[in-house]
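Engineer: Provided below for reference: sequence and predicted model.
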Amino acid sequence: MRDSRVRVLFICSGNSCRSQMAEGLLRTMGKGTVEAYSAGTEPKSVHPLAIQTMRDIDIDISHHRSKAVDEFLEQQFDFVISVCARAAEQCPAWPRGEQIRWHFDDPAETTGSEEQKLAVFRRVRNEIRQRIGLFLLANRIVTSAS
């Protein structure tokens with residue numbers, strides 16, 4: 001028997017930034033009511049600036065690892081959320097669960113100084129946090145998504 005927590009899988013191409021940040025944010029913002037996971041269509045290692053950006057808001061994703069979508073194909077999810085267009089194209093239909101498509105810029109593609117890169121990571125993190133807050137409220141998963 002499955003417990004009553006909502007299960008959410010975030011999918012991205014590399015599972016190195018956006019989906020990892022989304023997983024960490026949802027775990028925190030879901031206040032114990034959500035099981036959050038992430039995977040990639042072409043997994044790469046978790047980006048150090050994603051770890052640093054999340055650490056800035058007291059969320060530790062340093063223990064996360066990049067995972068392939070295949071690891072989750074046999075599992076049931078309530079929601080499968082792609083956070084980039086490439087992953088949505090490569091995974092057009094998930095076998096089980098409501099599929100949602102969000103799009104966020106890929107901070108890993110940012111060029112420039114370390115501070116410029118961090119600024120983009122923080123912007124994308126904040127955009128994901130805002131979208132997750134709306135998702136939680138819209139689906140009545142939590143009553144306050146702060």
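Structural biologist: Received it, and whenever you're ready, just let me know what you need.

Engineer: pLDDT below threshold where in this structure?
Structural biologist: 1-3, 87-94, 143-146 (pLDDT under 70).

Engineer: what do you get if the cut-off is 50, keeping everything else the same?
Structural biologist: By pLDDT under 50, the low-scoring segments of the chain are 1-2.

Engineer: Show me what the top helix by length along the chain is packed against.
Structural biologist: Longest helix in the chain by number of residues (criterion: DSSP state H): helix 114-138. In terms of contacts (3 or more CB pairs under 8 Å, 6 or more residues apart in numbering; DSSP states H and E), helix 114-138 is packed against helix 18-29, helix 48-55. For glycine as for every other residue, the C-beta is placed from the backbone atoms N, C-alpha and C.

Engineer: Throw those helices into JSON lines and include mean neighbour count, thanks.
Structural biologist: Below are the helices and strands packed on helix 114-138 laid out as JSON lines (neighbours: other CB atoms under 10 Å):
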{"stretch": "helix 18-29", "mean neighbour count": "26"}
{"stretch": "helix 48-55", "mean neighbour count": "19"}
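
Engineer: mind exporting stretch 20-30 as CSV, just the C-alpha atoms?
Structural biologist: The C-alpha coordinates for stretch 20-30 follow below in CSV (Å, rounded to 0.1, in the frame of the first residue of the first chain):
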residue,chain,number,x,y,z
GLN,A,20,17.8,19.0,-9.0
MET,A,21,16.8,22.4,-7.6
ALA,A,22,13.1,21.6,-8.2
GLU,A,23,13.4,18.4,-6.2
GLY,A,24,15.1,20.1,-3.3
LEU,A,25,12.6,23.0,-3.3
LEU,A,26,9.6,20.7,-3.5
ARG,A,27,10.8,18.5,-0.6
THR,A,28,11.2,21.6,1.5
MET,A,29,8.1,23.5,0.4
GLY,A,30,5.9,20.4,0.5
